[in-house]
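Peer 1: no FASTA, just this:
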Ligand SMILES: [Zn+2]
């Protein structure tokens, strides 16, 4: 058993070395070209000395993995690729890479900093968790469809600035005209935890009806993409059509601004919302007991992705299962997990572009 685990870890070293090397190179590029590759909001909140230390540690880990992988596995090319990228990283300055002090931002920036930061943190949390407590023990990190889901993740993160501008515009126009919201001082006097819970509940209630509309009207053509995935893990929730993202985010953002939260509560809400969205799609077979009636868990949301009619149009809630309970859309058999995920439709496109255009073609037919 122990030998099997050691073999499994060793077999993953070349892939890990290469992925870490690519992330190091991307970080270096963010340092060299901040005006086009980083977003001011993310950049401002980053502690640069800490980032340099993490970069140093990641370079060393990647090189160590590449050397160990070269000696113990058959994937020599991946290891040599990782070492070559690390040579380029060192040539460009490594963890001491200079950072531009003065520059003016380009009109639009790619959120490469946000992409590197988020994928690094999520991978650091969820890859070990999914390895220790897997639902499907045989599922690999490099599972089928991983490339298309990474593309969704990349588009959502690199295009963060454009997506944020589009989804926040209606709220900005409305609230500038409205001025101060009368209940803001009262809401902001509440404890932060209460403000976060309130935001989560209001957003989940609104999201519930939007999610239902995406399932039960012609909007299903767009949301079907999210359900076309056959393997669930921490990256699976990224698979969303741009129309789905734009409609849901615009309306939810609008409603959250209407609550009038303190900025700490707003960031708290965003963090919990983002982490729970990743968690409920993950390949985690943990039993949360009675808690799964209070907060949405992986088992709860996995039923939402079940490929059989018995679970269609059920479990819409992302945070609070009670919303499904109230509106009669809850389906949660005791302790069981769904046997498979996906949609019944055959020949569904598998590429990012194919999936982006498919709903539009279907609706124009
Ligand atoms: Zn759905």
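Peer 2: Happy to help now that I have it. All values reported here derive from a predicted model rather than from experimental measurement.
Peer 1: Averaged pLDDT, stretch 165-179. What do you get?
Peer 2: Averaging pLDDT along stretch 165-179 yields 79.
Peer 1: Sorry, slip of the keys, the one I care about is stretch 51-62.
Peer 2: What stretch 51-62 shows for mean pLDDT is 96.
Peer 1: and that stretch, which residues are buried?
Peer 2: 51-52, 54-55, 58-59, 62 (16 or more other CB atoms under 10 Å). Where C-beta positions appear, they are placed from N, C-alpha and C, glycine not excepted.
Peer 1: which among these gets closest to residue 185?
Peer 2: Distance to residue 185, by CB to CB, is smallest for residue 51 among the buried residues of stretch 51-62, at 37.1 Å.
Peer 1: show me the residues around the closest one that make contact.
Peer 2: By CB atoms under 8 Å, 6 or more residues apart in numbering, residue 51 lies in contact with residue 27.
Peer 1: how much space is there between it and residue 86?
Peer 2: Separation of residue 51 from residue 86 (CB to CB, to the nearest Å): 17 Å.
Peer 1: what does residue 37 give?
Peer 2: Distance from residue 37 to residue 86, by CB to CB: 20 Å.
Peer 1: Could you do residue 221 as well?
Peer 2: Residue 221 is 45 Å from residue 86, where distance means CB to CB.
Peer 1: of these two, who's got more company?
Peer 2: Each of residue 221 and residue 86 has its neighbours counted (other CB atoms under 10 Å); residue 86 has more, 22 against 17.
Peer 1: per-residue pLDDT, that one?
Peer 2: 96.
Peer 1: and the residue nearest to residue 212 when sequence neighbours are not counted, how many residues sit next to it?
Peer 2: Closest residue to residue 212 apart from its sequence neighbours, by CB to CB, 6 or more residues apart in numbering: residue 316 at 5.6 Å. Per other CB under 10 Å, the neighbour tally for residue 316 reads 24.
Peer 1: got the contact list for residue 316?
Peer 2: Residue 316 makes contact with 207-208, 211-212, 215, 304, 323-324, 329, according to CB under 8 Å, 6+ apart.
Peer 1: Equivalent analysis for residue 333, please.
Peer 2: Residue 333 makes contact with residue 303, according to CB under 8 Å, 6+ apart.
Peer 1: Just say helix, strand or coil for it.
Peer 2: State at residue 333, reduced to three classes by DSSP: H, G, I helix; E, B strand; the rest coil: coil.
Peer 1: Columns distance to residue 338 on top of the buried residues of stretch 51-62, output as JSON lines?
Peer 2: Output for the buried residues of stretch 51-62, formatted as JSON lines (distance: CB to CB, whole Å):
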{"residue": "51", "distance to residue 338": "40"}
{"residue": "52", "distance to residue 338": "44"}
{"residue": "54", "distance to residue 338": "38"}
{"residue": "55", "distance to residue 338": "41"}
{"residue": "58", "distance to residue 338": "37"}
{"residue": "59", "distance to residue 338": "41"}
{"residue": "62", "distance to residue 338": "37"}
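Peer 1: Tell me how many other residues crowd the residue lying closest to residue 236 once chain neighbours are set aside.
Peer 2: Once flanking residues are discounted, residue 236 sits nearest to residue 281: 4.2 Å by CB to CB, 6+ apart. Residues near residue 281, counting by other CB under 10 Å, number 24.
Peer 1: all numbers from here: first residue = 25
Peer 2: In the new count, where the first residue is 25, that last one comes out as residue 305.
Peer 1: So residue 305 sits against residue 255, correct?
Peer 2: No - the pair residue 305 / residue 255 is not scored as a contact, 10.2 Å apart, by CB atoms under 8 Å.
Peer 1: per-domain residue ranges of this protein.
Peer 2: Here the domain parsing of the chain from automatic domain parsing is 25-132, 185-388.
Peer 1: between those domains, which gets nearest to residue 171?
Peer 2: The closest of those to residue 171 is domain 185-388. By CB to CB, the value is 8.7 Å.
Peer 1: Pull up the distance across the closest one, start to finish.
Peer 2: 30 Å (CA to CA, to the nearest Å).
Peer 1: same thing with stretch 53-71?
Peer 2: 17 Å.
Peer 1: buried sites along that stretch?
Peer 2: For stretch 53-71, by 16+ other CB under 10 Å, it's 53-55, 57-58, 61-63, 66-67.
Peer 1: One more: stretch 366-380?
Peer 2: 367, 376, 379-380.
Peer 1: Residues touching that stretch, excluding its own?
Peer 2: 169, 172, 175-176, 179, 248-249, 251-254, 265-266, 329, 331, 381-382.
Peer 1: Which secondary structure element is home to residue 54?
Peer 2: helix 26-56 (DSSP states H and E).
Peer 1: Would you pull up how far the helix or strand just after that helix lies from the middle of the chain?
Peer 2: For helix 26-56, the following helix or strand on the C-terminal side (DSSP H and E) is helix 58-61. Chain-centre distance of helix 58-61: 22 Å, with CA atoms, centre = their mean, to the nearest Å.
Peer 1: Show me what the mean pLDDT comes to for helix 58-61.
Peer 2: Mean predicted confidence for helix 58-61 is 90.
Peer 1: In contact with residue 64, which residues?
Peer 2: 129, 133.
Peer 1: before we move on, what about residue 247?
Peer 2: Residue 247 makes contacts with 235, 238-239, 265, 268, as judged by CB under 8 Å, 6+ apart.
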